[in-house]
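Undergrad: Have a look; sequence and predicted model below, questions after that.
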Amino acid sequence: MRMEFDVAQICLNGHLINAASMNVPSMNKSFCTTCGEPTITACQNCHNDIPGAFRIGSRTYGKLDTIPRYCEHCGAPYPWTLATQEAAIEIIALSDALTKEEKDDLQKALPELVRETPKTRVAVLKFNKYIEKAGIGLGNALRDILIDVVSEGVKKSIWG
């Protein structure tokens, strides 16, 4: 028997629709019932399938534990990753407590919070520094948006 991953169906905002879209096509949806956005099963950049639940033959095992942030085939961010960063940038722009330079610096640090790179720790330090200055309102708004796309290490470093 061949072991492989099924294909995940995810909406453009990152809501999982079906972790086994090939094995259980009856669960597929053209649009998300949570937000109304269209759904995809492949990277919009390279058109390779989005890996879903593990399967052996016609049986699906387990589930999709986390929604991928980047395509494993081409490295491009998925639409929900970009949408999250764009929303966070807009929230930061609304802050009256930060200078333009501080807003720019925090906005530039956002991609490193989503990726795990040597610069992620620097981004966490910047995030904490600016959020302390900007206040709890901005911090909570960013937390609500970023919580689903940052790594576990970033979550612990920022929100304990």
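TA: Thanks, I have the structure now. All figures in this text were calculated on a predicted structure; none of them were measured in a lab. Numbering: from 1, shown residues only.

Undergrad: Surely residue 62 is in contact with residue 56?
TA: No - with contact defined as Cβ atoms under 8 Å, residue 62 does not reach residue 56; the gap is 10.8 Å. Glycine gets a C-beta too; all of them are placed from N, C-alpha and C.

Undergrad: which residues sit against the helix or strand of the chain with the lowest mean pLDDT?
TA: For the chain, counting by mean pLDDT, DSSP states H and E, strand 59-61 ranks last in confidence among helices and strands (a mean of 75). Applying Cβ atoms under 8 Å, 6 or more residues apart in numbering, the set of residues contacting strand 59-61 from outside is 6, 19, 20, 23, 24, 53, 54, 55.

Undergrad: Would you mind checking the average pLDDT for the helix or strand hosting residue 107?
TA: Secondary structure from DSSP states H and E places residue 107 in helix 100-114. Across helix 100-114, the average pLDDT comes to 95.

Undergrad: And it, what's buried?
TA: 102, 103, 106, 107, 109, 110, 111, 112, 113, 114 (16 or more other Cβ atoms under 10 Å).

Undergrad: which other helices and strands contact the very next helix or strand once past it?
TA: Counting by DSSP H and E, the next helix or strand C-terminal to helix 100-114 is helix 120-134. Contact here means 3 or more Cβ pairs under 8 Å, 6 or more residues apart in numbering; DSSP states H and E; on that basis helix 120-134 packs against helix 100-114, helix 136-146, helix 152-159.

Undergrad: Tabulate the buried residues of helix 100-114 (TSV), appending distance to residue 83.
TA: Below are these laid out as TSV (distance: Cβ to Cβ, whole Å):
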residue	distance to residue 83
102	24
103	19
106	18
107	15
109	18
110	12
111	13
112	18
113	15
114	12
